[in-house]
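Participant: Quick one, fold the following:
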Amino acid sequence: MPKKEEEDDDDISDIVSDEAEEENEEESNDLNKADIVTKYRTAGTIANEVLAQVIAAIKPGVKVVELCALGDGAVDEAVSKIYNKKPKGDEKKIEKGSAFPTCISVNNCVGHYSPLVTEDKIILEEGDVVKIDLGVHVDGYIAVVAHTAMCGAAAEGRKADVIMAAWDAAELAQRMFKDGATNEEITGMIAKVGESYQCTPVEGVLSHQMKKHVIDANKVIIGKAGADQQVQKCTIEKNDVFAIDIVMSTGDGKPKQSELRTTVHKRNLAEKYSLKMKASRSFFSEVNQRFPTMPFTLRAGDERNWRMGVVECVKHELFTEYPVLLEKEGVFVAQFKFTIAVMPTSGNAIRLTGVPPPECKSELSVQDEALKELLSQSTEKKKKSKPKKKKGGGGDDKEEDKE
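Facilitator: Below you'll find the predicted structure:
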């Protein structure tokens, strides 16, 4: 990397969001604060609603880029209707918008396919296995979600196997995610579920802890541990918020980076560089205004200019890339992702994103007895009944266990 030059006062390499640094990290991620939980829930509700819209639009003959544009547009429209008043004592309006651009990855494509309008050639066909991945943030509080749906036909055979493998692993991860659980326990569970369905967890898939403005914080759960792919052991604690990402394959689970253009990027705040090209500086400045901390797609701006401007920025590591990954032809990949948080008072986990289960059945099922027992447990929150008032009571009875 060339020697970094001394920046001028208006050097665009200094245009970064200082908000996350100015706030006290512990306070800004404290789930004891009702307004923080409300923002997470709001982001989660929008993510779920947009996901449902995209799923409903999946049918033979639809272009993938049309679904991506639908998802991104729906997120922008939804967030435009909320938190439009400036908070008291704050000069700025609350930031809100996409936390991860809509990606539509079909069949053997593992993820991150969010093509440019001018380059997309993929048109959905009946029987395609379609993965939808997107995210929303409200004031930096992130909710992400991913789902696998079928195009036209119902899932059968190996398609049903891989979808149910990913679904059951996600359901089990939800039940295991609680104060005191370890990432190693969840990784081990994913391996057992994959084996039951004769499928393989995909290498390189990480479930990240999330914090305000941070989609990939320090704590990590790896989907498939190996000699050359390991993460530091960690324990789930109260106040933790995670994006649980489960990706299963009918192949060997070793995807390769494709030759398709990488369009999804995220600002690398640790790096600075004095850009030389005018197109690069213009691109960098606009991205820092619109996506200072969140992943984005090149489709979100002028495609020609952004396509040119990103090259120098990536070369000097100002951005992190999310390349399009592919399994071998003929392989099917399924994904389910949801956002979950461990509440600080009760230690119970609340799931913030996700839609109803896929409509498919596999001839295979989870074989581990302990996991079967855990899977049979309901995650529905039980409502506590109010005590009945005594006949002729004087109205002094109080409601107990009010939620």
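Participant: middle-most residue in the chain, spatially?
Facilitator: By CA atoms, centre = their mean, the mean C-alpha position of the chain lies nearest to Val144, the distance being 3.3 Å.
Participant: who are the neighbours in contact with it?
Facilitator: Val144 makes contact with 47, 99-100, 133-136, 210, 215, 243, 337-339, 353, according to CB atoms under 8 Å, 6 or more residues apart in numbering. In short, each C-beta sits where N, CA and C put it, glycine included.
Participant: Output the host helix or strand of Ala279 as PDB, nothing but the C-alphas.
Facilitator: Ala279 belongs to helix 278-290 when assigned by DSSP states H and E. Output of helix 278-290 as PDB, limited to C-alpha atoms (Å, rounded to 0.1, in the frame of the first residue of the first chain):
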ATOM      1  CA  LYS A 278     -12.200  12.200  -9.000                       C
ATOM      2  CA  ALA A 279     -14.700   9.400  -9.500                       C
ATOM      3  CA  SER A 280     -13.400   7.600  -6.400                       C
ATOM      4  CA  ARG A 281     -13.600  10.700  -4.200                       C
ATOM      5  CA  SER A 282     -17.100  11.400  -5.400                       C
ATOM      6  CA  PHE A 283     -18.200   7.800  -4.700                       C
ATOM      7  CA  PHE A 284     -16.500   7.700  -1.300                       C
ATOM      8  CA  SER A 285     -18.100  11.000  -0.200                       C
ATOM      9  CA  GLU A 286     -21.600   9.900  -1.300                       C
ATOM     10  CA  VAL A 287     -21.300   6.500   0.400                       C
ATOM     11  CA  ASN A 288     -20.100   8.100   3.600                       C
ATOM     12  CA  GLN A 289     -23.200  10.300   3.700                       C
ATOM     13  CA  ARG A 290     -25.700   7.500   2.900                       C
END
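Participant: Now do the buried residues in that helix.
Facilitator: 279-284, 286-288 (16 or more other CB atoms under 10 Å).
Participant: Which parts of the stretch 151-300 of the chain are helices?
Facilitator: 157-176, 183-196, 278-290 (DSSP state H, counting those that start in this stretch).
Participant: most packed of these?
Facilitator: helix 157-176 (a mean of 23; mean count of other CB atoms under 10 Å).
Participant: Does anything pack onto that helix? Which helices or strands?
Facilitator: If you count contacts as 3 or more CB pairs under 8 Å, 6 or more residues apart in numbering; DSSP states H and E, helix 157-176 packs onto strand 129-138, strand 141-150, helix 183-196, strand 241-249, strand 333-342, helix 369-375.
Participant: In the chain, where is pLDDT below threshold?
Facilitator: 1-23, 87, 89-91, 381-403 (pLDDT under 70).
Participant: Now do the contacts for Lys178.
Facilitator: Contact analysis of Lys178 by CB under 8 Å, 6+ apart lists 236, 342, 347-349.
Participant: Quick check: the two most widely separated of these?
Facilitator: Pairwise distances among the contacts of Lys178 were taken by CB to CB; the largest, 12.0 Å, belongs to Ile236 and Asn348.
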